[in-house]
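Chemist: Provide a 3D model corresponding to the input given below.
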Amino acid sequence: MKCISTRQPWADLVVGGVRPFETKDFEPRCAALPFPLLIHASLEIDWAACRRLGMLPPGVTGAVLGMVDFVRVTRPSAAEWRKLWLEHLEANGRPYGDKTRLWFFENRRRFSEPVPFKGQLGLFDVPDELVQKYLTA
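Modeler: Below you'll find the model as predicted:
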């Protein structure tokens, strides 16, 4: 199953439905949208965001936290970003400038427990058997 890694607190906020989209600097090169996507919390932590959002201590790292349906990706103009950035909970402008892509999610499911797994950059595969018991729970 496809997976994307993001730092805390963003991984918790995506899986929890607080953050409606994630920012990346690329578009996926895989199956047509929509498709299920696992959300992985990387080992790195965005400490400034954790402090600003009052999320200390940060959530679990180095694990798959849950699954979302990845429904669309857009490339926002500066004007579009100004309308959306508060929903994104970012402190500043588009994180990747003109390369910023917004990945929109629906149908979030947090696993009953984190699944330890080493993340990677970009989209990567997690063996189905590793998360299967959490998908049916």
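
Chemist: Could you give the number of residues near the residue lying closest to residue 3 once chain neighbours are set aside?
Modeler: Among residues not flanking residue 3 along the chain, residue 38 sits closest, at 3.8 Å (C-beta to C-beta, 6 or more residues apart in numbering). The way it works is simple: take the backbone N, C-alpha and C, and place the C-beta from them, glycine included. Neighbours of residue 38 under the rule other C-beta atoms under 10 Å: 26.

Chemist: pLDDT at residue 38, what is it?
Modeler: Per-residue pLDDT puts residue 38 at 97.

Chemist: repeat for the one 10 residues further on
Modeler: Turning to residue 48, the model gives it a pLDDT of 92.

Chemist: Which residues does the lowest-mean-pLDDT helix or strand in the chain contact?
Modeler: One helix or strand of the chain scores below all others by mean pLDDT, DSSP states H and E: helix 78-88, with a mean of 81. Here helix 78-88 makes contact (C-beta atoms under 8 Å, 6 or more residues apart in numbering) with 19-21, 23, 74, 76, 93-94, 100, 102.

Chemist: which stretch of helix or strand covers residue 19?
Modeler: Following DSSP states H and E, there is no helix or strand that holds residue 19.

Chemist: Would you confirm that it contacts residue 9?
Modeler: No - with contact defined as C-beta atoms under 8 Å, residue 19 does not reach residue 9; the gap is 9.0 Å.
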